[in-house]
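**Q** Need coordinates for the below:
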Amino acid sequence: MENLSFPIELFTALIVYAVRLEKRENFLKKFVFTVLLECMVMVALFEYQDGIPVFMTAETGMTVTGTMLVCAFVFFLMAVLVWIPFRVSLKEAVYCATCAYLTEHIAYCLRLIIKGFTGLGTGPGTLLHLAVHAGVYVLSYYIFARKMAKEKHYATSAVKSFGFMTIVLFLVLGMSVAASVRDFETIHGIYALFCCIFVLYSQLKQMSQLSLQEELNVQKQLWMRHKAQYEMSKETIDIINRKCHDLKHQVAALRGIDNLEKRSDAIDSIEESVMIYDAMPQTGNTILDTVLTEKSLVCSQEQINLTCIADGGLLDFMDAVDLYTLFGNALDNAIEGVRKLPADQRCISLLLHKKAGLIFIQFENPYQDDIRMENGIPRTSKHDRNYHGFGIKSIIHTAEKYGGFVTIETEYKIFLLRLTIPAVQVTTQKRQAGTDGNE
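**A** Take a look at the predicted model:
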């Protein structure tokens with residue numbers, strides 16, 4: 001049992017950090033085979049003393065270089081255990097193994113501290129031994145592991161993974177050798193415990209920063225894409241409007257010519273077909289008119305009834321790209337939501353008005369599929385969920401940029417997206433624009 005204690009502790013810690021990773025085909029068979037093979041290797045190669053490998057104690061006389069090589073081999077075995085059954089890269093496997101090694105060492109240090117202060121036995125097989133490791137592993141999962149693995153993967157680089165492993169090798173090795181000296185094992189156990197916790201916490205914070213940076217990069221790409229789309233759409237609509245204007249004049253000229261009745265009917269048909277551009281929204285804001293015109297054409301093709309009551313002048317203070325992106329994302333989501341409904345139920349309403357010093361922008365549409373909320377954001381049915389999620393996040397970011405907030409309701413199969421922005425922003429933004437212009 002003692003010879004199996006250390007491998008079991010390591011493998012259990014490894015499961016804590018690997019359980020959320022993407023699994024390969026025939027996962028169970030690969031996992032069981034790898035665990036059994038690795039246990040046999042570790043038991044065959046290492047001699048154990050007090051539940052830890054003898055090579056990690058001060059009495060062995062093993063050189064530091066030799067001990068480092070043995071530790072590196074242990075890391076290799078753990079990384080292989082992750083890499084074979086889980087669909088991850090080698091750098092992710094090394095990173096996962098390193099976190100697991102740190103977690104196991106936290107439990108070991110805690111056992112040293114308990115033994116030093118209470119004199120209770122914490123050797124392999126004792127109830128206290130099991131309780132300490134179980135408690136540390138459960139807490140590590142909820143505090144570290146589940147927050148570090150994003151989208152079933154670890155966001156890390158090869159340099160970071162192997163650098164992290166090297167630091168932990170020196171930390172665990174040095175602390176373990178020092179702790180094996182009986183007169184100092186409690187003191188070094190306390191020191192090593194805080195060192196290991198600090199290293200894991202720093203990795204958690206770094207992962208959070210990487211995740212945030214990734215979100216910002218995607219939002220930036222989304223912003224640039226909408227900027228290009230806005231410029232293209234505006235140019236296209238301007239061209240169409242000019243062509244329609246010229247065509248109407250041509251039709252008017254043709255009416256003055258003596259022609260057959262059928263020809264007159266054909267001209268009437270042409271004129272009627274271009275009148276759609278005169279019926280496009282006129283909100284008082286050219287950018288808003290542009291995006292509404294574009295989405296109105298899409299709604300017309302999809303047999304969607306789009307109603308709009310909007311005072312576009314209220315949004316003159318907003319940046320053109322922000323305005324286009326906000327309404328483009330919101331209307332795209334609404335169009336997707338009603339597309340699966342019967343034709344007589346496809347309707348989208350947009351309301352933009354001011355009340356009590358606040359600007360309200362409201363999008364409302366029915367939907368068919370169930371909507372699940374994750375962190376206040378609806379989970380989409382789109383194939384690329386991340387991209388769609390960033391569309392909603394972009395709307396929230398835009399509202400917050402202008403001092404507002406977003407509320408989402410999904411009751412009674414009606415999706416309601418409401419933005420509330422302080423109207424004082426109008427005065428502030430215009431004043432800033434005037435100052436910039438004077439400079």
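**Q** Name the SS class of the residue nearest to Asn333 when sequence neighbours are not counted, please.
**A** Closest residue to Asn333 apart from its sequence neighbours, by CB to CB, 6 or more residues apart in numbering: Gly391 at 6.6 Å. The C-beta positions use only the backbone N, C-alpha and C, and glycine is treated the same way. Following DSSP: H, G, I helix; E, B strand; the rest coil, Gly391 is assigned to helix.
**Q** Can you get me a residue count around Gly391?
**A** Counted with other CB atoms under 10 Å, residues neighbouring Gly391 total 21.
**Q** from memory it sits against Leu331, does it?
**A** No - assessed by CB atoms under 8 Å, Gly391 is found out of contact with Leu331, at 10.8 Å.
**Q** average pLDDT across the stretch of helix or strand Ala97 belongs to?
**A** In the assignment (DSSP states H and E), Ala97 maps to helix 90-118. The pLDDT scores in helix 90-118 average 86.
**Q** which helices and strands does that helix pack with?
**A** Counting contacts by 3 or more CB pairs under 8 Å, 6 or more residues apart in numbering; DSSP states H and E, helix 90-118 packs against helix 2-18, helix 64-83, helix 127-140, helix 158-179, helix 185-255.
**Q** repeat that with 10 Å
**A** On a contact count with 3 or more CB pairs under 10 Å, 6 or more residues apart in numbering; DSSP states H and E, helix 90-118 meets helix 2-18, strand 52-53, helix 64-83, helix 127-140, helix 146-148, helix 158-179, helix 185-255.
**Q** Worst mean pLDDT among these?
**A** strand 52-53 has the lowest average pLDDT among the helices and strands packed on helix 90-118, namely a mean of 49.
**Q** Pull up the per-residue confidence for Val41.
**A** With respect to pLDDT, Val41 has a value of 74.
**Q** what's the closest non-adjacent residue to Ile8?
**A** Nearest-residue entry for Ile8: Cys39, 7.9 Å, with adjacent residues in sequence omitted and distances by CB to CB, 6+ apart.
**Q** right, and Gly313 touches Gln282 too?
**A** No - at 11.3 Å, Gly313 and Gln282 do not qualify as touching, with contact defined as CB atoms under 10 Å.
**Q** Spit out the residues that contact those two alike.
**A** Jointly contacting Gly313 and Gln282 under the rule CB atoms under 10 Å, 6 or more residues apart in numbering are Leu288.
**Q** okay, now the nearest residue to Ala155 once chain neighbours are set aside: neighbour count?
**A** In space, and not counting its chain neighbours, Ala155 is closest to Leu210: 4.8 Å by CB to CB, 6+ apart. Residues contacting Leu210 under the criterion other CB under 10 Å number 16.
**Q** Now do Leu210 against His153, distance only.
**A** 12 Å (CB to CB, to the nearest Å).
**Q** where do the contact lists of those two overlap?
**A** Contacts common to Leu210 and His153, judged by CB under 10 Å, 6+ apart, are absent.
**Q** give me every residue that touches Ala356.
**A** The contact partners of Ala356, taken as CB under 10 Å, 6+ apart, are Ala423.
**Q** what about the helices in the stretch 301-439 of the chain?
**A** Taking DSSP state H, counting those that start in this stretch as the test, the helices found in the stretch 301-439 of the chain are 320-339, 385-401, 424-438.
**Q** mean pLDDT for these: which is lowest?
**A** Across these, the lowest-scoring stretch is helix 424-438, with a mean of 47.
**Q** Now find how far off-centre stretch 117-128 is within its chain.
**A** Counting by CA atoms, centre = their mean, to the nearest Å, stretch 117-128 is centred 42 Å from the centre of its parent chain.
**Q** With stretch 405-422 instead?
**A** The answer for stretch 405-422 is 22 Å, by CA atoms, centre = their mean.
**Q** which parts of it are buried?
**A** Buried residues in stretch 405-422, counted by 16 or more other CB atoms under 10 Å: Val406, Ile408, Phe415, Leu417, Arg418, Leu419, Thr420, Ile421.
**Q** Quick check: end-to-end length of that stretch?
**A** 10 Å (CA to CA, to the nearest Å).
**Q** Quick one: mean pLDDT over that stretch.
**A** 91.
**Q** cool, stretch 285-299 as well?
**A** 86.
**Q** distance of the residue nearest to Lys295 when sequence neighbours are not counted from Gly313?
**A** Once flanking residues are discounted, Lys295 sits nearest to Leu331: 4.4 Å by CB to CB, 6+ apart. With distances taken as CB to CB, Leu331 is found 20 Å from Gly313.
**Q** Quick check on the two: which one has the bigger neighbour count.
**A** Leu331 (23 against 14).
**Q** ok now do the more buried one, which residues does it touch?
**A** Per CB under 10 Å, 6+ apart, neighbours of Leu331: 291-292, 294-296, 298-299, 306, 308, 348, 350, 363, 365.
**Q** Would you check which pair of the residues you listed lies furthest apart?
**A** Pairwise distances among those were taken by CB to CB; the largest, 17.3 Å, belongs to Glu294 and Asn365.
**Q** Among the two, which residue is more densely surrounded?
**A** Neighbours per residue, other CB under 10 Å: of Glu294 and Asn365, the larger number sits with Asn365, 25 against 22.
**Q** Quickly list what the more buried one is bridged to.
**A** For Asn365, the beta-bridge partners are Phe415 (DSSP bridges).
**Q** swap in Ser349?
**A** Here Ser349, judged by DSSP bridges, has bridge partners Thr307, Glu364.
**Q** and it, how many residues sit next to it?
**A** 15.
**Q** hang on, it packs against Asn365?
**A** Yes - if you go by CB under 10 Å, Ser349 and Asn365 touch, sitting 7.3 Å apart.
**Q** Now for the two: what residues contact both?
**A** Leu306, Ala334, Leu416.
**Q** how about those in TSV, adding distance to His129?
**A** TSV is the format used below for those (distance: CB to CB, whole Å):
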residue	distance to His129
Leu306	67
Ala334	58
Leu416	55
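**Q** That concludes my questions; thank you for your assistance.
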